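>>> build me a structure from this.
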Amino acid sequence: MSKQFADLGIQESILKALDGLKIVVPTEIQQKVIPLLLSNTDVVGLAKTGTGKTAAFGLPLLQLIDSKINVIQVVILVPTRELGHQIFSNLEAFAKYLPEVSIAETCGGIPIKPQIERLTLPTHIVVATPGRLIDLIQRKAIVLKETKFLVLDEADEMVSILKESLDEIIAELPKNRRTFLFSATMPGNIKQLIQNYLNKNVVQVSADMQTLGNQGIDHQYIVVDPIEKLDVLMHFLTSKDGERGIVFCKTKAAVNKLAKNLAINRFSSGALHGSLSQGIRDRIMEQFREGHINILIATDLASRGIDVKEISYVVNYHLPDTYENYVHRSGRTARAGAKGLSLTVLQQEEVAEIAEFEKELGIKFNKFQKPSAENIEENNTLLWAKQIFKTKPNHEISADFKNKIKTVFHHLTKDELIEKLLANQLLQTKADSNREKPVKKFKN
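This next block holds a predicted model:
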């Protein structure tokens, strides 16, 4: 079944690993890139997220390693440690039957000393974030003088970082190296990178780029007033109970605030942003991958490397600043041939921007049906009931006081008590709603 990969020139030991991983049909980007990497040219690969770029460069590079020479032959640069760890894990899996090939992960966010110690051992491939690689170079803990291949993955997410550090990294590499750049989008600053650092005869290929809609993503938007935004989101999340999804916010502060509100309402969620320690970020990602939490609230950069196939929806709680960010956000869902929903929450003044996103990205947005006030009230009451159910008893309350409370309710049945609690909650909700409504001023 792996003959298609064999037709691309992949060797038997790697084909055997692919069989074990149930990877049997090359994606479009893999079909186009693998033969080029096995030849003798620089390559720019343009493809959306979730289309198999790691295997596109990883399989041929593993094959090109000369394991008899114990030097670093491949450097793979990535924007975040999460993506770096994902690529490292994939390469390890692809190299299952290549025990002589040694791969190291040297990314930021974790102590550098163990990484320095690891690099004293034979190493053929290094997966690194630019900042950590610069640090290792400055400490003279890594030698790249014989490196044959440089990979810039998710380059559009690394542009600001690479502007500062790529010259220093390139200075450590041989001039006759080959460079491969992969990106989901091609903004002007990426074109400048290609012009500055890749061979003038570079071959550019693109795959799966027709439209985002062809990837099985249903793009929708919903228009809300600021005061109802959280309630509408919680109504949507309740409708997706049991499914996994990601809610994107613009800032770390917004992530923390939303995560707190969802936790109060007993949603199975976790926050992910750059100010969290790497240990916490790793733990939250592991909980998400294992299904212990269903909702991830994240900033754009923190989400790099989230490669979970069963993400059924993405919510843009804030409209992304760039078209590129929308591509990366929505690309977290509908992976590996699945279907998915990308829902963008807008305020009225932002609606006009949807047409620009459609034009630039070649996609079509449909309007998502906004829940009625009654639907919102019912959902909030359901969340209130879940809060009560999940509240732990307070054992510090005295038995005497508990008995006084029980005496008040002792003649009520369970159904009668629920009826009264529900009626009281709805009255309270209505009173709170009336207080929040602005007072209308009438002209004389």
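>>> Provide a list of residues in contact with residue 320.
Residues in contact with residue 320 (C-beta atoms under 8 Å, 6 or more residues apart in numbering) are 248, 250, 300, 326, 329. From N, CA and C alone the C-beta is placed, and that goes for glycine too.
>>> so which of those residues belong to strands?
Using DSSP state E, the subset of those located in strands is residue 248.
>>> which of the contacts of residue 320 lies closest to residue 136?
Minimum distance to residue 136 across the contacts of residue 320 is 26.5 Å, recorded for residue 300 (C-beta to C-beta).
>>> my guess is residue 259 meets residue 273, correct?
No - when contacts are counted by C-beta atoms under 8 Å, residue 259 is not listed as touching residue 273 (9.4 Å).
>>> OK, contacts around residue 217?
Here residue 217 is in contact with 330, 331, 333, 334, 339, 340, 341, 342 (C-beta under 8 Å, 6+ apart).
>>> if you rank these by neighbours, which is first?
residue 330 (29 neighbours; other C-beta atoms under 10 Å).
>>> tell me the pLDDT of that one.
Looking at residue 330, its pLDDT is 88.
>>> pretty sure it contacts residue 314?
Yes - using C-beta under 8 Å, residue 330 is in contact with residue 314, at 5.7 Å.
>>> give the intersection of the neighbour lists for these two.
340, 342.
>>> the strands in the stretch 251-400 of the chain, which residues?
Taking DSSP state E, counting those that start in this stretch to define them, one finds strands in the stretch 251-400 of the chain at 269-272, 295-298, 311-316, 340-346, 366-367.
>>> residue 352 is nearest to which of these?
Among those, the nearest to residue 352 by C-beta to C-beta is strand 340-346 (9.7 Å).
>>> and the angle for the closest one with strand 311-316?
Orientation of strand 340-346 against strand 311-316 (axes from the mean of the first three to the mean of the last three C-alpha atoms, to 10 degrees) gives an angle of 20 degrees.
>>> list the strands paired with strand 340-346, with their directions.
When pairs are called by DSSP bridges, strand 340-346 turns out to pair with strand 217-223 (parallel), strand 311-316 (parallel).
>>> mind checking the SS state of residue 46?
With DSSP: H, G, I helix; E, B strand; the rest coil as the basis, residue 46 sits in strand.
>>> then stretch 147-166 to PDB, C-alphas only?
Output of stretch 147-166 as PDB, limited to C-alpha atoms (Å, rounded to 0.1, in the frame of the first residue of the first chain):
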ATOM      1  CA  THR A 147      25.200  21.300   8.100                       C
ATOM      2  CA  LYS A 148      23.800  20.400   4.700                       C
ATOM      3  CA  PHE A 149      20.100  21.300   5.100                       C
ATOM      4  CA  LEU A 150      18.200  24.200   6.700                       C
ATOM      5  CA  VAL A 151      14.400  24.000   7.000                       C
ATOM      6  CA  LEU A 152      12.300  27.000   7.900                       C
ATOM      7  CA  ASP A 153       8.900  25.700   8.900                       C
ATOM      8  CA  GLU A 154       5.800  27.800   9.500                       C
ATOM      9  CA  ALA A 155       8.000  30.700   8.200                       C
ATOM     10  CA  ASP A 156       5.100  33.200   8.100                       C
ATOM     11  CA  GLU A 157       4.800  32.700  11.900                       C
ATOM     12  CA  MET A 158       8.500  33.300  12.400                       C
ATOM     13  CA  VAL A 159       9.200  36.400  10.300                       C
ATOM     14  CA  SER A 160       9.600  38.800  13.200                       C
ATOM     15  CA  ILE A 161      11.900  36.400  15.000                       C
ATOM     16  CA  LEU A 162      13.900  35.600  11.900                       C
ATOM     17  CA  LYS A 163      14.500  39.200  11.100                       C
ATOM     18  CA  GLU A 164      16.700  39.500  14.100                       C
ATOM     19  CA  SER A 165      18.400  36.100  14.200                       C
ATOM     20  CA  LEU A 166      18.600  34.500  10.800                       C
END
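>>> so how far is that stretch from its chain's centroid?
Distance of stretch 147-166 from the chain centroid (C-alpha atoms, centre = their mean, to the nearest Å) equals 19 Å.
>>> list the buried ones in it?
For stretch 147-166, the buried set under the neighbour-count rule, 16 or more other C-beta atoms under 10 Å, comprises 147-159, 161-162, 165-166.
>>> show me these that map onto strands.
The strands, defined by DSSP E, take in 149, 150, 151, 152 from these.
>>> low-confidence stretches in the stretch 301-444 of the chain?
Low-confidence segments of the stretch 301-444 of the chain (pLDDT under 70): 302-305, 307, 336-337, 433-444.
>>> show me where it has helices.
Taking DSSP state H, counting those that start in this stretch to define them, one finds helices in the stretch 301-444 of the chain at 323-330, 353-361, 373-390, 399-409, 414-436.
>>> wait, which of those helices is closest to residue 229?
Among those, helix 373-390 comes nearest to residue 229, with 11.2 Å by C-beta to C-beta.
>>> the closest one relative to helix 414-436, how many degrees between them?
Interaxial angle, helix 373-390 versus helix 414-436 (the same axes, to 10 degrees): 120 degrees.
>>> any weak-confidence spans in the stretch 151-300 of the chain?
In the predicted model, the stretch 151-300 of the chain carries pLDDT under 70 at residues 208-215.
>>> what's the domain layout of this protein?
Per automatic domain parsing, the structural domains of the chain span 3-207, 212-373, 385-436.
>>> could those go into CSV alongside distance to residue 379?
Listed next are these as CSV, based on distance: least, C-beta to C-beta, whole Å:
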stretch, distance to residue 379
domain 3-207, 31
domain 212-373, 5
domain 385-436, 11
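>>> before we move on, back to that, buried subset of the contacts of residue 320?
Among the contacts of residue 320, those scoring as buried are 248, 250, 300, 326, 329 (criterion: 16+ other C-beta under 10 Å).
>>> out of the residues you listed, what pair is the most spread apart?
Spatially, the most separated pair among those is 250 and 326, at 12.4 Å (C-beta to C-beta).
>>> now the helices for the stretch 51-200 of the chain?
Going by DSSP H, counting those that start in this stretch, the stretch 51-200 of the chain shows helices at 53-64, 81-94, 113-118, 130-138, 159-171, 188-197.
>>> those helices: which one's closest to residue 218?
Of all those, helix 53-64 sits nearest to residue 218, with 23.3 Å by C-beta to C-beta.
>>> most tightly packed of the strands of the stretch 251-400 of the chain?
strand 295-298 (a mean of 27; mean count of other C-beta atoms under 10 Å).
>>> around residue 124, count how many other residues there are.
Around residue 124 there are 23 other residues, counting by other C-beta under 10 Å.
>>> most packed of the helices of the stretch 51-200 of the chain?
It is helix 53-64: most buried of these by mean count of other C-beta under 10 Å, with a mean of 24.
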